[in-house]
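Asker: Sequence plus predicted model, see below.
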Amino acid sequence: MPQQVILRDAMRRLNLTRDGLSQRLGVTRRALDSWMLPDHSTEMRKMPDIARRFILELLKGLAPAPQSVEQQPANSERAHHLLSVDGYTRDSVEDLLRVADIMQPIARRQKTTRVLDGAVLANLFFEASTRTRLSFSAAFARLGGSVCDTTGFTFSSMAKGESIQDTSRVISGYADAIVVRHPELGAVAEFAQATHVPVINAGDGPGEHPSQALLDLYTIQREFSRFSKLIDGARIVFVGDLKYGRTVHSLSKLLALYRNLRLTFVSPESLMMPSALIEKLAGQGHHIEQTQDLAQALAGADVVYATRIQKERFAQEETLEGYSADFQINSAVVNRYCGADTLIMHPLPRDSRPGANDLSVDLNRDSRLAIFKQTDNGVAVRMAIFATLLGVQDQVPHSLREVGWRVPVYLAPEDEVPYSDQ
Ligand code: NCD
């Protein structure tokens, strides 16, 4: 197992920050940082065997992580789907994040694998999508599988009146995993009931978006690690369309698996979080605030998670055209109210049209902006989801090969902003 994966796993399972782990190991923080750098970094150092053995000894004393419903082997009798984040425990979600760490060198094109050679993914998107559809495809392809897909109702037989159940049964004969996005709440669960092939919910109307929440959580944990912060006790601010924003619904539930969070929800009155969800989160012992005062909410925030107005989900009587400027996350408010280690996140797409007042492009070169770390991490996390659902996660470390083509050092000009990737 690569040393970076062992170290991240140790921090998760022992609930230690980098400072905490370096103290436990009796090494400097600098030494630990150098062990966690990716293999291709010139600053990366090999962890001494004695440290590796000591960590494995520490982990041996802990109970094994229980498996959630989603993570049982694919060949056991029931079909296993990823429809909501509800099936996760803190241990099982962290187990998935560990698998995502193993996938990172493949997602970043330093290694290749063929563990899903011969497998076929069906990607069914009945609603607009760029990153979710393409990153699920890329994730499956990078595991060695192939992808077939359909987009929109117009070009599918649902336009001819075919039921969800019939479509589901038909696709089950073609594919080994099915990703579905649908505009109606609960439609993906209905689809899953008609098949034993694993189904992943890529967004069901205003309901859930579990893979996005997993990649958001993974990004938060990785970025917190650079600042030696834990998720326990963090202060997270959600801003925007919290009524229809399914990514916020799923992410807030996943975060609630941690302890003692301060969750602040900032939105116009008409776009507040569903009250049942607020009650659930409060019932889990977190401190919850709902407000329209962005400035007051941002002070002391560890994460600011902005969202787009989901106009396409509005009922006829709902009319909001865009946020008032009071809800916009831009460099002026971030510089005024946020600290140097605040993470600025957004599930994307951001609405860049005039008057939308969505997350501003004036933050593009601000190192606190994590939006492209989210999208990059999405590939590793979706690879982890497929590998666990199809039961090949343990084969991955032994299957790695070198990449045979040329990969750019930086994927885009903005990545060249000084940032140490640990
Ligand atoms: C989100 C979605 O579709 O729910 N996008 C995504 O998948 N990253 C958010 C949105 O559409 O605003």
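Answerer: Here it is on my side, so go on. Numbering: from 1, shown residues only.

Asker: Report the spatially nearest residue to whichever residue of the stretch 101-250 of the chain sits closest to the ligand, omitting neighbours in sequence.
Answerer: Evaluated by CB to the nearest ligand atom, the stretch 101-250 of the chain has residue 132 as its residue closest to the ligand, separated by 4.2 Å. C-beta coordinates here come from the backbone N, C-alpha and C atoms, glycine included. Counting by CB to CB, 6 or more residues apart in numbering, residue 132 lies nearest to residue 202, which is 5.1 Å off, once chain neighbours are set aside.

Asker: Pairing partners for the residue lying closest to residue 175 once chain neighbours are set aside in the sheet, please.
Answerer: When the adjacent residues along the chain are set aside, residue 175 lies closest to residue 122, with 3.7 Å between them (CB to CB, 6+ apart). When bridges are called by DSSP bridges, residue 122 pairs up with residue 148, residue 178.

Asker: Report how many residues lie close to residue 122.
Answerer: Per other CB atoms under 10 Å, the neighbour tally for residue 122 reads 20.

Asker: Looks like it contacts residue 168 (just checking).
Answerer: No - if you go by CB atoms under 8 Å, residue 122 and residue 168 don't touch, sitting 10.1 Å apart.

Asker: Which neighbours do these two have in common?
Answerer: Between them, residue 122 and residue 168 share these contacting residues under CB atoms under 8 Å, 6 or more residues apart in numbering: residue 178.

Asker: Relative to the ligand, how far out is residue 305?
Answerer: Using CB to the nearest ligand atom, to the nearest Å, we find residue 305 at a distance of 11 Å from the ligand.

Asker: Could you pull up the residues touching that residue?
Answerer: 216, 236-239, 248, 251, 345-346.

Asker: among the residues you listed, which are in strands?
Answerer: With strands defined by DSSP state E, the entries of those inside them are 236-239, 345.

Asker: Skipping its backbone neighbours, what lies nearest residue 109 in space?
Answerer: On the basis of CB to CB, 6+ apart, the spatially nearest residue to residue 109 that is not a chain neighbour turns out to be residue 407, at 4.4 Å.

Asker: Return the residues of the stretch 51-200 of the chain in contact with the ligand.
Answerer: 131-132 (CB under 6 Å from any ligand atom).

Asker: Kindly recompute the last result at 8 Å.
Answerer: Taking CB under 8 Å from any ligand atom as the measure of proximity, the stretch 51-200 of the chain contacts the ligand at 127-129, 131-132, 181.

Asker: Name the next helix or strand downstream of the host helix or strand of residue 289, please.
Answerer: Taking DSSP states H and E as the definition, one finds residue 289 inside strand 287-291. For strand 287-291, the following helix or strand on the C-terminal side (DSSP H and E) is helix 294-298.

Asker: Mean confidence (pLDDT) on that following helix, please.
Answerer: Taken as a whole, helix 294-298 has an average pLDDT of 96.

Asker: likewise stretch 226-236?
Answerer: The predicted model gives stretch 226-236 an average pLDDT of 97.

Asker: Ok, stretch 128-137 next?
Answerer: Predicted confidence along stretch 128-137 averages 92 (mean pLDDT).

Asker: For that stretch, buried residues please.
Answerer: With burial defined by 16 or more other CB atoms under 10 Å, the residues of stretch 128-137 counted as buried are 129, 131-137.

Asker: With stretch 166-182 instead?
Answerer: For stretch 166-182, by 16+ other CB under 10 Å, it's 167-168, 171-172, 175-182.

Asker: quick one: contacts of it?
Answerer: Under the criterion CB under 8 Å, 6+ apart, residues 119-127, 129, 132-133, 136, 140, 145, 148, 156-158, 187-188, 191-205, 386, 389-390 lie in contact with stretch 166-182.

Asker: C-alpha coordinates for that stretch, CSV please?
Answerer: Listed next in CSV are the C-alpha coordinates belonging to stretch 166-182 (Å, rounded to 0.1, in the frame of the first residue of the first chain):
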residue,chain,number,x,y,z
ASP,A,166,-39.1,-1.2,-18.6
THR,A,167,-36.1,1.0,-19.3
SER,A,168,-34.4,-0.2,-16.2
ARG,A,169,-34.9,-3.9,-17.0
VAL,A,170,-33.7,-3.4,-20.6
ILE,A,171,-30.5,-1.6,-19.6
SER,A,172,-29.8,-4.3,-17.1
GLY,A,173,-29.2,-6.7,-20.0
TYR,A,174,-26.5,-4.4,-21.4
ALA,A,175,-24.6,-3.0,-18.5
ASP,A,176,-22.7,-3.8,-15.3
ALA,A,177,-23.4,-0.5,-13.6
ILE,A,178,-26.0,2.2,-14.3
VAL,A,179,-25.7,5.9,-13.4
VAL,A,180,-29.0,7.8,-13.6
ARG,A,181,-29.9,11.4,-13.3
HIS,A,182,-33.6,12.3,-13.4
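
Asker: can you give me the helices for the stretch 251-400 of the chain?
Answerer: Secondary structure of the stretch 251-400 of the chain, counting by DSSP state H, counting those that start in this stretch: helices at 275-283, 294-298, 331-337, 371-389.

Asker: Run through the neighbouring helices and strands of the helix or strand following the last one.
Answerer: When you say that, I think you mean helix 371-389. The first helix or strand that comes after helix 371-389 along the chain, using DSSP H and E, is strand 401-402. In terms of contacts (3 or more CB pairs under 8 Å, 6 or more residues apart in numbering; DSSP states H and E), strand 401-402 is packed against strand 111-112.

Asker: what residue ranges in the chain score low on pLDDT?
Answerer: By pLDDT under 70, the weakly predicted segments of the chain are 63-79, 154-155, 159, 321-322, 417-422.

Asker: ok, 50 please
Answerer: 68-79 (pLDDT under 50).

Asker: Many thanks, have a good one.
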